[in-house]
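A.B. asks: Requesting a structural model of the entry that follows:
(3 chains)
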Amino acid sequence: MLFSEKLIDWYSINLRDLPWRATQDPYKIWLSEIVLQQTRVVQGMPYYLQFLERFPTVFDLAEAKEDEVLKLWQGLGYYSRARNLHATAQYIAQEKNGIFPQTAKELKKLKGVGEYTAHAIASFCFREPVAVLDGNVFRVLSRVFGVNDEIDTPAGKRIFKDLAQKLLDSEKPDLYNQAIMEFGALQCTPKAPLCNVCPFMQKCVAYQNQMIGDLPRKKKKVKVKEEHINYLVLVDNNGNTFMKQRTQKGIWRNLFEFPRLESEFANGVSEGLNETIRLKSLENQNVELTAFYPKPVKHLLSHRKLFIQFYIGMVTDYSAFASLSKKYHIVQNIHTFAVPVVIERFIGASDFFNS
DNA sequence: AAGGCGGGGTC
DNA sequence: GACCCAGCCTT
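C.D. replies: Numbers count the residues shown, from 1 in each chain, chains lettered A, B, ... in the order given. This is a model prediction of the structure:
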């Protein structure tokens, strides 16, 4: 029995009922694939449903402001996905009359659509015989066929790409691609795979050689950089505060944040300072700042370890902060702005913005 | 070829 | 703490 046949048999019994599997609409498939990049199904699901509810068609998404798209994306991470999603929606709506490309080659030209996503859309929507290659597929192929090439190098990727394409059922590329990813997600999991009930138990090279824990192989390990951030939260009794959009390239681009003490005052506060301080240089207002948390919040990202403290300064008259007002928005309803999760949690924990 | 880019789950 | 998740983009 062919690998693809056995795989599809397994899938027909074990598949999950996921909303994007009930359609071949390129808009919905495309949306689901962008949402699910480097994201677990359970985490992406509510975002997918909310985006479809707010933006039923690509035209609705195209007409929205990017800020609203980012707000709806808030908490999902990798925010370039949201910016590219919006840009591509505008391109499809305005330049292509709302019609998505129908081949993998053309799909890949869209912003935010790489080889994986192009193959996924092309196979699911148009049955083009192109194999997907994602984290699940790398894992399944490396184990079943004993491929120990590194999955994060161009040379290794080429090996897997060729093998994946060779195994693909060209008559049912949609079903096959769904099946192999589902198999990786539910059966051939990274830790504690269900080998004792696996249909490939007999032929699986990794299982027969007790190499399950060694495959797939990877080369690089991400380096985690530490960073200390001190936010200046000047707030009045009505919950007004200063914020600025991060327009530079890099982390949290186009999201909003509070002024950073370091950027406003050369001699700001020391890292993790935990006491009441006075900043007499602050527009001559002599505002008293108090650390909100007893110690800085640790916020972990894949590539960074952030230590963040929020300094609260109660003010009565915003008009007194002239120079700050030039660089920062006076935010009256903070809940409408897209912010990083660590700031959202602070907002929820404080009383200043939840009257 | 290497590094940047989020946040959350699991062991 | 280490690894992973329906990856993509820039340098």
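
A.B. asks: hmm, stretch A:101-119 in reach of DNA strand B?
C.D. replies: No: Stretch A:101-119 is not in contact with DNA strand B by CB under 7 Å from any atom of the strand; minimum separation 10.3 Å. C-beta here means a position set from N, CA and C on the backbone, and glycine is covered the same way.

A.B. asks: contacting residues around the spatially closest residue to A:V222 that is not a sequence neighbour?
C.D. replies: Distances taken as CB to CB, 6 or more residues apart in numbering place A:H303 nearest to A:V222, at 5.4 Å, with adjacent residues excluded. Going by CB atoms under 8 Å, 6 or more residues apart in numbering, A:H303 touches A:V222, A:K223, A:V224, A:K225.

A.B. asks: give me every residue that touches the second one.
C.D. replies: What it means is A:K223. Contact analysis of A:K223 by CB under 8 Å, 6+ apart lists A:H303.

A.B. asks: May I see the buried residues of stretch A:77-86?
C.D. replies: Within stretch A:77-86, the residues that count as buried by 16 or more other CB atoms under 10 Å are A:G77, A:Y79, A:R81, A:A82, A:R83, A:N84, A:L85, A:H86.

A.B. asks: From the contacts of A:H303, which land in strands?
C.D. replies: In strands, judged by DSSP state E, the following of the contacts of A:H303 are found: A:K225.

A.B. asks: Name only those of the contacts of A:H303 that count as buried.
C.D. replies: Buried subset of the contacts of A:H303 (neighbour count, 16+ other CB under 10 Å): empty, as none qualifies.

A.B. asks: Now A:Q24: closest residue in space, sequence neighbours ignored.
C.D. replies: A:C125 (5.1 Å).

A.B. asks: Could you report the neighbour count for that neighbour?
C.D. replies: By the criterion of other CB atoms under 10 Å, A:C125 has 20 neighbours.

A.B. asks: Hmm, A:P26 and it touching each other?
C.D. replies: Yes: between A:C125 and A:P26 there is a contact under CB atoms under 8 Å: 4.8 Å.

A.B. asks: which residues are in contact with both of these two?
C.D. replies: Taking CB under 8 Å, 6+ apart as the criterion, A:C125 and A:P26 both touch A:F100, A:Q102.

A.B. asks: So for the residue nearest to A:V222, what's the pLDDT?
C.D. replies: pLDDT, A:H303: 95.

A.B. asks: Please apply the same query to the one 4 residues further on.
C.D. replies: According to the prediction, A:F307 has pLDDT 95.

A.B. asks: just A:E271 next, same as before
C.D. replies: You'll see A:E271 listed with a pLDDT of 45.
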